[in-house]
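A.B. asks: need coordinates for the following:
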Amino acid sequence: MTVVDARGHRCPTPSLKLQKAFHAAGPGQRLTLLATDPMARIDVPFLMQDLGGTVVSIEEADGVLTIAVETPAAPTG
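C.D. replies: Next comes the predicted model:
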């Protein structure tokens, strides 16, 4: 699992960091974004929609969002 630490950064930096890691990840990989910007809760689902990824979970504790996403599985066939 890859952790993208974007705590302390404002929009759009958390999404841009996640996008870079998403493109570097292999099929079916899980990535976790750590962000303190509340806009990440809105931006990441839109980003995953654009990239074909899936938001697995969004949790918040002590002002830190932990957003788990998954890259698309490898095509079969």
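A.B. asks: mind listing the helices for the protein?
C.D. replies: 13-24, 40-51 (DSSP state H).
A.B. asks: the spatially closest residue to residue 35 that is not a sequence neighbour: neighbour count?
C.D. replies: Setting aside the residues directly before and after it, residue 35 is nearest to residue 14 in space (Cβ to Cβ, 6 or more residues apart in numbering), at 4.2 Å. (C-beta placed from N, C-alpha, C; glycine too.) Other residues within reach of residue 14, judged by other Cβ atoms under 10 Å, total 27.
A.B. asks: out of the helices of the chain, which comes closest to residue 71?
C.D. replies: Closest of these to residue 71 is helix 13-24, at 6.2 Å (criterion: Cβ to Cβ).
A.B. asks: wait, which of the helices of the chain is closest to residue 32?
C.D. replies: Closest to residue 32 of those, according to Cβ to Cβ: helix 13-24, at 9.4 Å.
A.B. asks: list of residues touching that closest one?
C.D. replies: Applying Cβ atoms under 8 Å, 6 or more residues apart in numbering, the external contacts of helix 13-24 come out as 2, 4, 6, 9, 31, 33, 35, 37, 39-40, 43-44, 47, 51, 53, 67, 69, 71.
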